[in-house]
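*Asks:* from the sequence below, what's the structure:
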Amino acid sequence: MVKLSVLVVDSQPRWEYRYLRNALAPDPGVDLSCMLFHPNIGTGGGRDYLSTFPGSREMLTRYDGVFLGDSASARGS
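*Replies:* This is a model prediction of the structure:
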């Protein structure tokens, strides 16, 4: 079975982030990675959380889909 590799990024666990995570996590056809950028919340925990954003184009292009939430507000921009 071919799995889709999906990255979900947001500044905090807003309802859109939680909806996507809860919809994709139990799907056996999805390899899910999640990341939270909020400085006061941290990066999240669990087996599907990343501690850092993919640092190169090669690392980012391994994902079939990337969902970007409101991550700019966490950096103050």
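
*Asks:* for this structure, what's the longest helix?
*Replies:* helix 15-24 (DSSP state H).

*Asks:* that helix: which residues count as buried?
*Replies:* Neighbour-count burial for helix 15-24, counted by 16 or more other Cβ atoms under 10 Å, picks out Y17, L20, R21, L24. For the C-beta atoms, the positions are set from N, CA and C on the backbone; glycine is no exception.

*Asks:* ok, so of these, who is nearest D70?
*Replies:* Y17 (9.0 Å; Cβ to Cβ).

*Asks:* state the distance from the closest residue to the closest one other than its chain neighbours to M35.
*Replies:* Excluding the flanking residues, the one nearest Y17 by Cβ to Cβ, 6 or more residues apart in numbering is D10, at 4.1 Å. D10 is 8 Å from M35, where distance means Cβ to Cβ, to the nearest Å.

*Asks:* and the average pLDDT for stretch 38-55 is what?
*Replies:* Mean per-residue pLDDT for stretch 38-55: 72.

*Asks:* now that M35 has come up, it's in contact with F53, right?
*Replies:* Yes: the pair formed by M35 and F53 meets the contact definition of Cβ atoms under 8 Å, at 6.2 Å.

*Asks:* check contacts around the residue nearest to L60 when sequence neighbours are not counted.
*Replies:* Sequence neighbours aside, P54 is the residue nearest to L60 in space, at 4.4 Å (criterion: Cβ to Cβ, 6+ apart). Neighbour list for P54: L7, L60, R62, Y63 [criterion: Cβ atoms under 8 Å, 6 or more residues apart in numbering].
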